[in-house]
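1. Return atomic coordinates for the entry below.
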Amino acid sequence: MKTLTRISNRLCNIVSYFSMAACVAIMCLMTIDVIMRHLFNNPITGAFEITTMILTILVFSSWSYIQTVHGHVHVTMFLGFMPTKVRFLFFGLTSLLSTIIIGIATYASYQHIFRLYEEGTSTGTLLIPHWPFMVLECIALFLFTIVLLIDTIKAFLAVFSKEYAEEVQSYWT
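-> So this is what the prediction gives:
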């Protein structure tokens with residue numbers, strides 16, 4: 001389990017660099033667009049479209065990394081009142097539900113890639129095709145699903161293992 005966690009964390013870290021690069025690209029694009037609009041009355045054509053496309057990379061690329069550092073919100077208010085095994089069982093069930101939902105979203109985005117490609121859907125001004133961005137979104141969602149699945153397995157192992165219980169519970173603060 002530790003090897004799988006280490007590999008997934010490394011992958012998430014690599015994917016997070018896409019998110020960081022996307023953030024820098026959006027900031028630079030918006031800054032240049034504002035300067036050109038106000039100083040030269042000549043904004044960048046399609047700046048909004050480019051920003052929208054890059055924003056999908058920024059958002060979806062960051063989810064799996066945030067999960068690896070356990071930055072997502074866990075509502076554990078009532079878990080502290082439960083017996084230890086029940087607490088991790090409930091946490092495992094909610095983690096499993098999250099994993100299933102993101103897995104369904106991953107599958108839906110995978111299906112959506114082909115629909116966008118077949119229809120030739122693109123942006124209105126610059127005609128940027130949507131499907132390559134959906135591929136990146138699907139990959140990021142798949143990685144997020146894997147990370148959630150690993151955390152779900154750890155939550156269920158915490159029912160029987162004190163080592164995993166301490167690890168899982170350390171993320172709840």
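
2. got any ranges where this structure has weak pLDDT?
-> Counting by pLDDT under 70, the chain has low-confidence residues at 173.

3. Recalculate using a threshold of 50.
-> Within the chain, not a single segment meets pLDDT under 50.

4. From the centroid of it, which residue is nearest?
-> By C-alpha atoms, centre = their mean, the chain has its centre lying nearest to Trp63, at 2.3 Å.

5. Am I right that it is in contact with Ala140?
-> Yes. With contact defined as C-beta atoms under 8 Å, Trp63 reaches Ala140; the gap is 6.6 Å. C-beta here means a position set from N, CA and C on the backbone, and glycine is covered the same way.

6. is it true that Thr123 touches His130?
-> Yes. Between Thr123 and His130 a contact is recorded at 7.4 Å, counting by C-beta under 8 Å.

7. The helix ranked longest in the chain: how far from the chain's middle?
-> The longest helix of the chain (DSSP state H) is helix 2-39. Here helix 2-39 shows a centroid-to-chain-centroid distance of 13 Å under the convention C-alpha atoms, centre = their mean, to the nearest Å.

8. Check stretch 92-100 too.
-> 16 Å.

9. Equivalent analysis for stretch 84-95, please.
-> On C-alpha atoms, centre = their mean, the centre of stretch 84-95 falls 23 Å from that of its chain.

10. Dump it to CSV, keeping only the CA atoms.
-> Output of stretch 84-95 as CSV, limited to C-alpha atoms (Å, rounded to 0.1, in the frame of the first residue of the first chain):
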residue,chain,number,x,y,z
THR,A,84,-13.1,3.6,16.8
LYS,A,85,-14.1,0.8,14.5
VAL,A,86,-17.5,2.4,13.7
ARG,A,87,-15.8,5.7,13.1
PHE,A,88,-13.5,4.3,10.4
LEU,A,89,-16.3,2.2,8.9
PHE,A,90,-18.4,5.3,8.4
PHE,A,91,-15.4,7.3,7.1
GLY,A,92,-14.6,4.4,4.7
LEU,A,93,-18.2,4.3,3.5
THR,A,94,-18.3,8.1,2.8
SER,A,95,-14.9,7.8,1.1
